[in-house]
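**Student:** Any chance you can model this:
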Amino acid sequence: MPYEILWAFLVLVTILSLGGGLFYFRHLRKKQVFEQKYRLRQLLHDERMAALEKDVPLVEIPSLEEEIFALTEEAIPEQVRRRKLWQTSGILLTSVSAGISTSFYLSGERNLQEIWMLGLIGLAAGIGCLVIAFNNRT
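**Tutor:** Residues are numbered from 1 along each chain as shown. So this is what the prediction gives:
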């Protein structure tokens, strides 16, 4: 009975840490893109102010979307996105499956020790994802 509570707690902590890490890195990426947009906008503003001070005729300001397009997710080619997806899937499958197999093998319960090899299925799938990501390099 106490082992079941311990395993449930470990699974909960793992899920929360993976989810929290995912949201944290997504937040960092959005923050980085926002800062890049802000710096670009500030640079355009400073250039226009300098041009106004020197009485240089002002040119049209290009739309912000066109300038920032290279900084957003849409600018990343589809092949690179697919490769990142294969890499992420492979790393996640490999780590989770290795953890499951190890925890089943090292557990004290006979039933879990008998089925520890089931985690090798996910391990093989994760390695396959990593191989696909490695072969899809540009």
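**Student:** Put the alpha carbons of stretch 85-95 into CSV.
**Tutor:** Listed next in CSV are the C-alpha coordinates belonging to stretch 85-95 (Å, rounded to 0.1, in the frame of the first residue of the first chain):
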residue,chain,number,x,y,z
LEU,A,85,8.6,17.4,-33.4
TRP,A,86,10.3,14.0,-34.1
GLN,A,87,13.2,15.0,-31.8
THR,A,88,10.9,16.1,-29.0
SER,A,89,8.7,12.9,-29.4
GLY,A,90,11.8,10.7,-29.4
ILE,A,91,13.4,12.2,-26.4
LEU,A,92,10.1,12.1,-24.5
LEU,A,93,9.3,8.5,-25.4
THR,A,94,12.8,7.3,-24.7
SER,A,95,13.0,9.0,-21.3
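**Student:** and the residue of the chain positioned farthest from its centre, what element?
**Tutor:** In the chain, the residue that sits farthest from the middle, by Cα atoms, centre = their mean, is Asp55; the gap is 47.5 Å. For Asp55, there is no enclosing helix or strand under DSSP states H and E.
**Student:** roughly how far apart are it and Arg29?
**Tutor:** Separation of Asp55 from Arg29 (Cβ to Cβ, to the nearest Å) stands at 42 Å. For every residue, glycine as well, the C-beta is placed using N, CA and C.
**Student:** Same check on Ala124?
**Tutor:** 31 Å.
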